[in-house]
Every structure is written in structure tokens, then in C-alpha cells.
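A.B. asks: sequence and computational prediction follow.
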Amino acid sequence: MDDSNVDVRNTVLIFDTTLRDGEQSPGATLTSTEKLELAQQLARLGVDVIEAGFPAASPDDLRSVQRVAQVVGSTAAGETQYKVPIICGLARAVAGDIDAAWEAVKPAQRPRIHTFIATSDIHLEHKLKMTREQVIARTREMVARAKSYCDDVEFSPEDASRSDPRFLYAVLAAAIESGATTLNIPDTVGYSTPQEFGQLIAGIIANTKGIENAIVSVHCHNDLGMATANTMAGLQAGARQAEVTVNGIGERAGNTALEEVVMALYTRHPVYGLGTNIDTTQIAHTSRMVSHYTGLPVQPNKAIVGANAFAHEAGIHQDGLLKHHTTYEIMRPEIVGISQSQLVLGKHSGRHAFRSRLVEMGYEVEGEELDLAFQRFKELADKKKVVTDADLQALIADLFYRSEEIYQLVDLQVVAGRSGMPTATVMIKGPDNADQVHAAVGKGPIDATFRAIDGIVHTPNTLLEYNVHAITEGIDAQGEVTVRLLSEDNGGQVVGGYGADTDIIVASAKAYLGALNRLLVEKASKREEREASE
Ligand code: KIV
Ligand code: ZN
């Protein structure tokens, strides 16, 4: 990356941990391929650092961080229009973790090792069973070990917000002396208030020896709904890196949301006087991608990326908006990549208009993928008079935001009604490329469809969640379905699936099959991992 445009005094570095802390959200398992595709999108979005995972967690995690380092963190990615981000791997302050993190990130052009150890008395006493002196000694030893591998070392005192500040100053000074270049201050349990957190950061900057040679970072959790407010307070106190996740996903109540910090800095620039390197027009697209891949829906009233974030319902508001958008709108939806285009696509629209619309919406679809998407668009336009941007988003998500398709839906027929037995017949192409047909009776048409699929794809699971909603208004609207499944024979793993279609039963079948495919991919990769270690 060319850093010449980065003025450290008023640029906040965006450290994205969607693939690490974000993936720790209950049920948000991502396959290696999905992680790679998300990392590519994060690079397009312009994040400065991608924390790609926790390599010591498993050989599979190590390999997927390595892939991100090779593909997204190398010059090859730099040949495209976005800059090459730093690729970071997380490590506990233990030798094996640091060695694994280095193994994973070393193919990157700009590798970073992020190591952490807890510093609060609660953690020292109950978890680590270590004294403060031992924590300082371990910090020195492990930061130095990381430094022996790479120049860029980040250190985090876990549970910093509940630690004795004087002890924190000493641990951080030891980390700096041993070679740490970024000091990240986590509010691990989301306990802090904005005033306290701002004071903590100010205290660290004022009292830590050598801090002028390091970047101070903030990492907040949202247990009390104050993650963004705490992050902003930390930045106002002098931190210049914010650790965030897309849609705010993460452990428990999640992490600080990337889109909230970036847009707060952008919209209230006179207050903060700080900017980022983010291409804000990629925000909406990235948010949808993360939601579809993780199976974690975005709440409609979520700031910036929720479906209602730019919707105005009250008559007085609509009237004001029509008079001048600034009456009730503090930021234009286009800035975050939500188009307000009046251009309508329909069955007579050509490939060129279709492609241009996708580009305006932030999608880069070329070659065979474009052919496929255009064919789907034509099929949709035959069923729907007007194809809106929301329809196009669903079409892209349905086509591309899915796991490797071990089983593919070929056909589906359902008979349902008030009397009789709802029956579904599915035709599915299996891994051997042969079509199989199975019919089943269920409590309703969706239940019958899922049972029919189960008759071919034998993957025991419990359906935890099923959501359906209409993408647009009108009788011809597409339905969007998300499901979450709990695997019964894959270590209790939870996975999500997504499908969109003008027929909601077809959308449901796609979502269910997508989730089953994801479970099968995960199972296969775990098997490979076991075999490799035997
Ligand atoms: O929340 C936390 O403390 C973390 C650290 C590993 C930075 O995620
Ligand atoms: Zn965290």
C-alpha cells in the first residue's frame, strides 16, 4: 500500500475483524472460500487491516488465513484497483500461537501478528492464575517473539477497561519496548461508558512510556449498546485505529459496527476532524454479503445498513423530504451505496444497461458470471414487470453468495391446500452429477419440501430459524428466505442459508439446500483436517 496519503494525525485506520471476532458470533461459521471472498470485498471497501482469523485455533483456520494472505494480501490484489491491506493473525501470548500466526500471515505483503494477554485482576486470578509480574514478563517474551518474525506487531491487554490503569501503563510500556507498534485497548466485555473509555485512552496516551512511537487502537464490544459511542470517545481521546466488524457482528452482543464509525466520522467531520480510507459506496454491498454468508440477518432499524435506515414513513417527514432532502436526511443513501436510481429495468433492458446498473450498485460481475446473472435477470423480468435494485441485490446474493454446491436444486413441485396432504417432489443433482427424485408429505408445503430434500441429502439437523420476507411491494414480488440449521452430527455447528425467488417455496428450498451444502463442505474440510493430522 502507498501510505503517502495517510496522515496519522487525522486518519483513523480501520482494522476489520469480521473474519475473526465477527466469526465468533454464535452460528456465524464461514467456510474458507467464503472468508476469502469476504476478504476480497473488505479490500475493495478499503479497510487498512484485515484480521483474517485465529490460526492456532485449527489447521483449517491457519490455512484460510494463509489463503487470504496469499490472495488478498499480495501484489496480485494490488494489480486491481484497491490497495493491498495488512493481513493480521491473532495469537494468544503463547509461543505456539505466535508461530502459527506467523506461518499464516507470512505470505502477505504486509503481515501483522496480533498477540494478547489479559490484564484485569479478575482474569489474572480466575483465568490465567498469573501474577502481574508474570504477565509483564510474558508480554515481553511473546511480543519479542512476534517481532522476531515481523516488524508489524500489535499487542492487546485483554479486558483493559476493567484493569488497573497503572498496571496497564506498565504492560503497554513493556510491549512497546519489546517491539509492539500498535497498542490495542479492548473493552472486552462491553462494560465501559464513553466517558470512562475516553479517559482510559487519554490516560494511556499521557502515561505510557514510548507511546508516541505507537498507534493506539480501540476495540469495543456492544454488551450495553455503547460500542460505537465508546469507540468514538477513544478516537476523540487520541486513538487512531478502530477495530470493527461489518454489521457489528461478534462475540455475544457483537463488536463496534464498521459502518457506524466510518459514517459518524464522515457525517460529523466538523466534530471529529478525522477521516478514513474507506470507500463508503461499498458499505451496503459489504453488509449484505456478510449477512448472507454468515446467515445473520441485519435488523431493519440498524443504523446505516438496516432496511429502514433511509425509509421515511411519517407523512410530515415525506413532505419535508420532498421539499428538501436535508429536512430529515443527515446523509445521502448513495454515499453508502444504496442507490436511489429512478432507472427501471425490465424485460426489454439489454445486457449493457444491466451491467451498468450492477456497477453503479457496487457489484463487479464479469465474464461467465455476468452471462449467468443476465440470464437470471431475463427470467426474472419475464415474471416481474419491473426489476428494482432490491431485486438485483437478491439475484446477485442468490447466485453468488452461496457455499460450494455439492447438491443443486433442479426442480420442485408442490401440492398444497386446505384439504389433503401437502406433498413436495424435488429433483436434485448430486455430487455424482446424477439427478435424484424424492417426494415427501409434510405439515405444510415448506415442511414437505424440506423433508423431500432430506430424503436425498442425508444430513441430520434441526431447523433453528426460518425467515421469509418480500423484497419489494406487489403481488409479483420476490421472496427472500433465510434459514439457520443446527447440525446434529457435526459438533453442534450452526450454519445459515439464503435463497430468493418469485416463488417462496423455491426460495425456501434454495435456502435450505444452501445451508445443507455449507454443512457438508464444513464436514469434508474437518475430515481432511483429521486425515492430515493422522
Ligand atoms: O475483545 C477482546 O478483548 C479481543 C482481543 C483478542 C483483542 O477480541
Ligand atoms: Zn473482541
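C.D. replies: Structure's in. What do you need? Ligands and ions are numbered 1, 2, ... in the order given.
A.B. asks: tell me the buried residues in the one helix or strand E379 maps to?
C.D. replies: Taking DSSP states H and E as the definition, E379 sits inside helix 367-383. Residues L370, A373, F374, F377, L380, A381 are the ones in helix 367-383 that count as buried (16 or more other Cβ atoms under 10 Å). For every residue, glycine as well, the C-beta is placed using N, CA and C.
A.B. asks: which is the next helix or strand following the worst-scoring helix or strand of the chain on mean pLDDT?
C.D. replies: When the helices and strands of the chain are compared on mean pLDDT, DSSP states H and E, helix 75-78 comes out lowest with a mean of 56. As assigned by DSSP H and E, the chain's next helix or strand after helix 75-78 is strand 86-92.
A.B. asks: beyond that following strand, next helix or strand please.
C.D. replies: helix 95-105.
A.B. asks: what's that next one packed up against?
C.D. replies: The contact analysis (3 or more Cβ pairs under 8 Å, 6 or more residues apart in numbering; DSSP states H and E) places helix 95-105 against strand 49-53, helix 59-71, strand 86-92, strand 111-118, helix 132-149.
A.B. asks: related to what we said a few turns ago, show me which of the buried residues of helix 367-383 is closest to ligand 1.
C.D. replies: Of all the buried residues of helix 367-383, A373 has the smallest distance to ligand 1: 37.2 Å, by Cβ to the nearest ligand atom.
A.B. asks: what residues does the protein have near ligand 1?
C.D. replies: D21, F116, S156, E158, N184, P186, T188, H219, H221 (Cβ under 6 Å from any ligand atom).
A.B. asks: what's across from the fifth one in the sheet?
C.D. replies: Counting by DSSP bridges, N184 is bridged to S217.
A.B. asks: what segments of the stretch 101-250 of the chain are helices?
C.D. replies: Assignment of helices within the stretch 101-250 of the chain using DSSP state H, counting those that start in this stretch yields the ranges 121-123, 132-149, 165-177, 194-207, 227-236.
A.B. asks: pLDDT score for the closest residue to ligand 1 within the stretch 351-500 of the chain?
C.D. replies: Nearest residue of the stretch 351-500 of the chain to ligand 1 (Cβ to the nearest ligand atom) works out as V494 at 20.5 Å. Turning to V494, the model gives it a pLDDT of 78.
A.B. asks: so which elements touch the longest helix seen in the chain?
C.D. replies: Taking DSSP state H as the criterion, the chain has its longest helix at helix 504-533. If contacts are counted by 3+ Cβ pairs under 8 Å, 6+ apart, helix 504-533 sits against helix 59-71, strand 408-415, strand 423-429, helix 445-454, strand 461-470, strand 479-487, strand 494-501.
A.B. asks: need the buried residues of helix 367-383 in CSV (columns: pLDDT).
C.D. replies: Output for those, formatted as CSV (pLDDT from 0 to 100):
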residue, pLDDT
L370, 93
A373, 94
F374, 93
F377, 91
L380, 89
A381, 88
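A.B. asks: and which of those residues is nearest to Y407?
C.D. replies: A373 (21.8 Å; Cβ to Cβ).
A.B. asks: and that closest one, what does it touch?
C.D. replies: F354, L358, V365, L395, I396, L399 (Cβ atoms under 8 Å, 6 or more residues apart in numbering).
A.B. asks: so among those, which ones count as buried?
C.D. replies: Counted by 16+ other Cβ under 10 Å, these give F354, L358, V365, L395, I396, L399 as buried.
A.B. asks: hang on, the third one in a helix?
C.D. replies: Right, the one you point to is V365. No - going by DSSP: H, G, I helix; E, B strand; the rest coil, the assignment for V365 is coil, not a helix.
A.B. asks: how close does it sit to F374?
C.D. replies: 9 Å (Cβ to Cβ, to the nearest Å).
A.B. asks: for the fifth one, same thing?
C.D. replies: The gap separating I396 from F374 is 12 Å, by Cβ to Cβ.
A.B. asks: what sits against the closest residue to H114 other than its chain neighbours?
C.D. replies: Closest residue in space to H114, ignoring its immediate chain neighbours: E154 at 4.2 Å, by Cβ to Cβ, 6 or more residues apart in numbering. The contact partners of E154, taken as Cβ under 8 Å, 6+ apart, are C88, R112, I113, H114, T115, A180, T181, T182, L183, N184, S217.
A.B. asks: what about whichever residue of the stretch 1-150 of the chain sits closest to ligand 1, how many neighbours?
C.D. replies: Nearest to ligand 1, among the residues of the stretch 1-150 of the chain, is F116, at 4.4 Å (Cβ to the nearest ligand atom). As a burial measure, F116 scores 23 neighbours (other Cβ atoms under 10 Å).
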